[in-house]
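Chemist: Sequence isn't available, so here's the structure alone:
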């Protein structure tokens, strides 16, 4: 049950759907306590942003799509909230960009890993990585460092939605191109990102997929152009301005 | 166990203490899922405010203390997050202002009501109201409307920390003087309040208590002066300015 009994035209549809999916995530043992608190922080920032995808965020989503399409090995990292909020949408994005899906948790337990992988499979995922845990991210403590050697360990481009600052920094130090979805433009994750996407994950993931489909037949030069044109500093400033000037 | 093993001088002491108490509240069955999400929203707004009590909020806390001291029957309304975050501090404020403590929940279950009342008693409360539920707030649906006839039902001044908008409005329509603690100055609760206190509850409740002790021997005229001098519109604007201009 990922859908709610409210018409899409309802002014609070997205917000109600989000709440519903997060609650369902708790029921499934996917969303943690910290995940619920993080969800609340996101709600406040999204409210300040006007609960909309800004033009600047849309450009970031297009740049993210171009990065994923031209990558040798793109991986979408999935944590508990991402799995609860956009399971089907992540599976679609993986299909549109030929990316791997890898579960990666801040509070890793085998049980939560399995539940999240199951949830993604129920939403159409063929293969879900993260359970082998035979690779390590240097500079993080044992549990936090675990990744799949054939997944994030080998990836050149990683989409990390709702990532914590330590891991975002460690992945960047490994030389990976990081596409970060985060509603706080001054978070360490957003500041570290090659492409900071300051948008609600529930809008951002379908947004990237749409751009990826639009760019499916684009030439390598075209993709390079989009990637090179993207200005991360401008994206961060625009998001900060939107938060400062929007309705509280 | 309400304390944490971190020195008070630690730069993140307050934030760590808050997290610890909220987690403990979940373990005790006091803090709900919605409470965890609300906690996250509060964290984001407090971060924007600079995690400090502004001068304007301090004036609001003094005005709230004066209101409580001159009231015929002041009541402190306590929900799950308030009980988890500041149980002992609420008991101290009740003692300093001769106010009743009444449990009032958005998602009312007898079990949570009992647990919260127990938690307050463990922190020194003699009497905890809310369980009689023999009064009603007009204009709210059945479960949300329940109050004690000899508590909030009879009160002239009510402190409502972290209240939801519907109930804040309904209490105001009953003609009660509402003192609201809320980190979002544009929330309906804050907008409805006689005294909006835009501050973290973990700082605001001890702040009001300190002012109440300072004003313990104040004359009725002095208290009236503080109440009349307080400018709610200025308090709301100052909080909005602080959020807009502070660090993200």
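Modeler: Thanks, I have the structure now. All values derive from a computational prediction rather than experimental measurement.
Chemist: show me where chain A has helices.
Modeler: Using DSSP state H, the helices of chain A run over A:13-27, A:33-49, A:55-70, A:80-85, A:87-97, A:110-122, A:142-145, A:165-173, A:188-192, A:201-214, A:220-229, A:232-245.
Chemist: Can you tell me how far the residue of chain A found nearest chain B is from residue B:218?
Modeler: Using CB to the nearest CB, the closest approach of chain A to chain B is made by residue A:40 at 2.2 Å. C-beta here means a position set from N, CA and C on the backbone, and glycine is covered the same way. Per CB to CB, to the nearest Å, residue A:40 is found 39 Å from residue B:218.
Chemist: which parts of chain A sit against chain B?
Modeler: Neighbours of chain B within chain A, by CB under 8 Å from any CB of the partner chain: A:19, A:22-23, A:26, A:33, A:36-45, A:48, A:184-186, A:240, A:243-245, A:247-248.
Chemist: Buried members of those into ChimeraX, please.
Modeler: Here is the ChimeraX command that selects the buried residues among these (16 or more other CB atoms under 10 Å in any protein chain shown):
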select /A:19,22,23,26,33,36,37,38,39,40,41,42,43,44,45,48,184,185,243,248
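Chemist: Tell me which residues touch the residue most central in space within chain A, please.
Modeler: For chain A, the residue nearest the mean C-alpha position is residue A:161 (2.4 Å; CA atoms, centre = their mean). Applying CB atoms under 8 Å, 6 or more residues apart in numbering or on different chains to residue A:161 gives the contacts A:77-79, A:82, A:86, A:180-182, A:201, A:204-205.
Chemist: can you list these in JSON lines and add neighbour count?
Modeler: Formatted as JSON lines, those follow (neighbours: other CB atoms under 10 Å in any protein chain shown):
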{"residue": "A:77", "neighbour count": "28"}
{"residue": "A:78", "neighbour count": "30"}
{"residue": "A:79", "neighbour count": "26"}
{"residue": "A:82", "neighbour count": "29"}
{"residue": "A:86", "neighbour count": "26"}
{"residue": "A:180", "neighbour count": "27"}
{"residue": "A:181", "neighbour count": "30"}
{"residue": "A:182", "neighbour count": "28"}
{"residue": "A:201", "neighbour count": "23"}
{"residue": "A:204", "neighbour count": "27"}
{"residue": "A:205", "neighbour count": "27"}
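Chemist: What spatial separation is found between the residue of chain A closest to chain B and residue B:92?
Modeler: 27 Å.
Chemist: cool, and residue A:31?
Modeler: Here residue A:31 is placed at a distance of 35 Å from residue B:92 (CB to CB).
Chemist: These two - which one has more neighbours?
Modeler: Higher neighbour count among residue A:31 and residue B:92: residue A:31, with 27 against 20, using other CB atoms under 10 Å in any protein chain shown.
Chemist: these two touch, right, that one and residue A:80?
Modeler: Yes - Residue A:31 is within contact range of residue A:80, at 5.1 Å (criterion: CB atoms under 8 Å).
Chemist: Could you tell me which residues touch both of the two?
Modeler: With CB under 8 Å, 6+ apart as the test, residue A:31 and residue A:80 both reach residue A:25.
Chemist: Report the residue spans of chain A with pLDDT below the cut-off.
Modeler: Chain A contains residues with pLDDT under 70 at A:1-6, A:11, A:246-248.
Chemist: Count the residues that sit near the closest residue to residue A:189 other than its chain neighbours.
Modeler: Nearest non-adjacent residue to residue A:189, counting by CB to CB, 6 or more residues apart in numbering or on different chains: residue A:168, 3.9 Å away. Residue A:168 is flanked by 22 other residues according to other CB under 10 Å.
Chemist: So residue A:168 sits against residue A:160, correct?
Modeler: Yes - contact criterion CB under 8 Å: residue A:168 and residue A:160 qualify, at 6.2 Å.
Chemist: any common contacting residues for these two?
Modeler: Common neighbours of residue A:168 and residue A:160 (criterion: CB under 8 Å, 6+ apart): A:178, A:180, A:189.
Chemist: Could you pull up the residues touching the second one?
Modeler: Read that as residue A:180. Residue A:180 neighbours (CB under 8 Å, 6+ apart): A:160-161, A:163, A:168, A:189-190, A:192-193, A:195-197.
Chemist: what do you get for residue A:169?
Modeler: Contacts of residue A:169 (CB under 8 Å, 6+ apart): A:188, A:192.
Chemist: Also residue A:179?
Modeler: When contacts are counted by CB under 8 Å, 6+ apart, residue A:179 touches A:64, A:67-68, A:157-160, A:193-195, A:197.
Chemist: wouldn't residue A:64 be in contact with residue A:196 here?
Modeler: No - counting by CB under 8 Å, residue A:64 sits too far from residue A:196 to count as a contact (9.6 Å).
Chemist: Counting neighbours around each, name which of those two comes out higher.
Modeler: Ranked by neighbour count (other CB under 10 Å), residue A:64 and residue A:196 place residue A:64 first, with 33 against 28.
Chemist: beta partners for the residue nearest to that one when sequence neighbours are not counted?
Modeler: Of all residues not flanking residue A:64 in the chain, residue A:179 sits nearest, at 4.3 Å (CB to CB, 6+ apart). For residue A:179, the beta-bridge assignment (DSSP bridges) gives partners residue A:159, residue A:195.
Chemist: and the gap between residue A:179 and residue A:55?
Modeler: Distance of residue A:179 to residue A:55, computed by CB to CB: 18 Å.
Chemist: Identify the residues contacting the closest residue to residue A:209 other than its chain neighbours.
Modeler: Take residue A:209 and drop its neighbours on the chain: the residue closest to it by CB to CB, 6+ apart is residue A:93, 4.5 Å away. Shown in contact with residue A:93 (CB under 8 Å, 6+ apart): A:68, A:76, A:99, A:159, A:205, A:208-209, A:212.
Chemist: switch the cut-off to 10 Å
Modeler: Contacts of residue A:93 were listed using CB atoms under 10 Å, 6 or more residues apart in numbering or on different chains, and they are A:64-65, A:68, A:74, A:76, A:86, A:99, A:101, A:159, A:204-210, A:212-213.
Chemist: Show the buried residues in those residues.
Modeler: Burial by neighbour count, 16+ other CB under 10 Å: within the contacts of residue A:93 this picks out A:64-65, A:68, A:74, A:76, A:86, A:99, A:101, A:159, A:204-210, A:212.
Chemist: Distance of residue A:172 relative to residue B:42?
Modeler: From residue A:172 to residue B:42 the distance is 30 Å (CB to CB).
Chemist: hang on, residue A:165 packs against residue A:189?
Modeler: Yes - using CB atoms under 10 Å, residue A:165 is in contact with residue A:189, at 5.5 Å.
Chemist: Of those two, which one has the most company?
Modeler: Using other CB under 10 Å as the criterion, residue A:165 and residue A:189 rank with residue A:189 on top: 24 against 14.
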